[in-house]
Every structure is written in structure tokens, then in C-alpha cells.
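Peer 1: This is a predicted model, with the sequence first.
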Amino acid sequence: MRKIVLATAVFAVLASALQAAEQLSLESAMARARGAAHEVLTAQARARASGERVEQSKSYRLPQLSVQEVWLRTNSPADVFGLQLQQERFSFPDFVESDPNSPDPLTNAMTRFELTMPLYTGSELSSRIDQARLAAEADGIKAIWAEETAALAAAEAYIRLSQAREAIVLLEHSLETVEAHVALSEAYVEQGMLVRSELLRAELEQAKILDLLSEARGMARVAEAALSFRMGADPSL
């Protein structure tokens, strides 16, 4: 009973998949390729990145604030003397009593804030912005080109799949005709109205049709995979 239920479920899934494949039109395949093909997604991401670079280049006109953290530990006589003065920790009695050439290590931490504002750059900023804008426009055109190229590739894959399916239908009809001819030849041979060589010739034609049908079905599966890939399907599935 469980096997029957499982077989029924598999048949339902296959039937729904087949119905969905039959409902797929050339226009919908091209539309899916324009929106989901891998090369299209890559080109669109590159175009968005170029647009962000335009905004980034414009931001260089604004004031720039930088923060720097410096931590230092040294026993250099000159550095220790200067840091003591900077920290307001210098003591002349200690300086006289100690050896200035061999001071104890001193630790110093410093935070620096720096604010810069471009006043004149000799058209460097405007040139950078124009360059980023032109690059973004070029990437946008490339994205449109990628969409149309993907749609064309999907259309070609769709046509190849249609041709492969038509070949399967034609070969299946041919196989039915040949099988009927083989059955009729067998009856004639049993009745002694036909020599067995004619039956063997009919069976040979039947084998040829079966071989062509198997090849056509394999080509149809390849065409289905190619169309799915052109529409952006995951190749690992």
C-alpha cells in the first residue's frame, strides 16, 4: 500500500512538472532568462556596484573625518623625555636623580581626530565623478546587452527543445507503424505466406527506430537541461 501511495505521489509530481513545461511559452522563457540568467545577475550586480562608486566619488567633496589611535611604549631617552613633557609628568628632581640615558620604559596612548575639507583640487574630483558616471553608464548598457543575449540563448534552447520533442513524437508514430508491420509479418510467416527474411528485415527497421527514439529522448533531456540553465536554474538540482 505504501508503494502504491509513493508511486501515485511521484506520478503526480511528474505530471505537474510536465504540465508546467508544456505551459512554458517562448516569451515566458525569454522573460525568465532576462531576469534570472546567471550572466544577467552578474552584469546587474556590476552595474549596481558602478552606481555605488558614483555616489562614493561624490562623497569626496564632503569633509572627511579620520580617527587615529596610537599606543606607544618606549625606553628611548629622547622619546621618554618628550612624552613626559607632553603628559605633564616631568619632574626635575627625578630627572636629576635618575640616569637620563637609561630611563624606565614609558607607555603613551594618543587619540587623534583629523578633519579635512577639499578647497581646490584642480578638477580632480569632478574628473573622478565623471569617470565613475561614464563607467556606470557603460555597465548599465552591458547589463541590458547581457539580458538580450540571455533571452536569445533561451530562445535558441527553447527551439531546440521543441524540435527534439517533435522528433520524439514523429519517431513514436513511426515505431507504432513498424511494430504493426512486424506483427503482421509474424502472422504471415506463421501462415507460410511470407519468408522469414522479410520478418527479420522488419525487425531490423524496428530496432533502428528504437535506437533513434532513444537518441532523440536523450537529446530532449539535454535540451531541457540547457533551457533550464539559460533560465537561471540551479545546475546542481
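Peer 2: Alright, I've got the coordinates.
Peer 1: the helices in this protein, which residues?
Peer 2: Counting by DSSP state H, the chain has helices at residues 2-23, 26-36, 38-59, 77-86, 92-97, 124-190, 196-230.
Peer 1: got the angle for the last one vs helix 26-36?
Peer 2: Helix 196-230 runs at 40 degrees relative to helix 26-36, counting by axes from the mean of the first three to the mean of the last three CA atoms, to 10 degrees.
Peer 1: before we move on, back to that, what about the helices of the chain, which gets the closest to Leu115?
Peer 2: With CB to CB as the criterion, Leu115 lies closest to helix 38-59 of these, at 14.8 Å. Any C-beta I mention is one placed from the backbone N, CA and C, and that applies to glycine too.
Peer 1: Same list, the helices of the chain, but as CSV with mean neighbour count please.
Peer 2: Shown next, in CSV, are the helices of the chain (neighbours: other CB atoms under 10 Å):
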stretch, mean neighbour count
helix 2-23, 10
helix 26-36, 17
helix 38-59, 16
helix 77-86, 14
helix 92-97, 9
helix 124-190, 16
helix 196-230, 16
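Peer 1: residues in contact with Arg217?
Peer 2: By CB atoms under 8 Å, 6 or more residues apart in numbering, the contact list for Arg217 reads Ile168.
Peer 1: which residues touch the residue most central in space within the chain?
Peer 2: For the chain, His38 is the residue whose C-alpha lies nearest the centre (CA atoms, centre = their mean; 4.1 Å). His38 makes contacts with Gly232, as judged by CB under 8 Å, 6+ apart.
Peer 1: roughly how far apart are it and Arg48?
Peer 2: 16 Å (CB to CB, to the nearest Å).
Peer 1: re earlier: quick check: the gap between the residue nearest to the centre of the chain and Pro63.
Peer 2: According to CB to CB, His38 stands 42 Å off from Pro63.
Peer 1: Phi and psi next, for Ser76.
Peer 2: phi -70, psi 130 (degrees, to the nearest 10).
Peer 1: What degree of burial does it show, as a neighbour count?
Peer 2: Using other CB atoms under 10 Å, Ser76 has 12 other residues around it.
Peer 1: Compute the distance between it and Leu227, please.
Peer 2: Look at Ser76 and Leu227: by CB to CB, they are 73 Å apart.
Peer 1: again, but for Arg89
Peer 2: With CB to CB as the criterion, Arg89 and Leu227 are 78 Å apart.
Peer 1: Including distance to Glu114, could the helices of the chain go into CSV?
Peer 2: What follows is those, written out as CSV (distance: least, CB to CB, whole Å):
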stretch, distance to Glu114
helix 2-23, 62
helix 26-36, 46
helix 38-59, 17
helix 77-86, 18
helix 92-97, 33
helix 124-190, 19
helix 196-230, 53
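Peer 1: Among those helices, which comes closest to Pro105?
Peer 2: The closest of the helices of the chain to Pro105 is helix 77-86. By CB to CB, the value is 7.9 Å.
Peer 1: pLDDT-wise, which helix or strand of the chain ranks last?
Peer 2: Of all helical and strand segments in the chain, the minimum by mean pLDDT, DSSP states H and E falls on helix 2-23, at a mean of 43.
Peer 1: which ones are touching the nearest residue to His181 once chain neighbours are set aside?
Peer 2: Nearest residue to His181 in three dimensions, chain neighbours excluded: Ala202, at 5.2 Å (CB to CB, 6 or more residues apart in numbering). The contact partners of Ala202, by CB under 8 Å, 6+ apart, come to 178, 181-182, 185.
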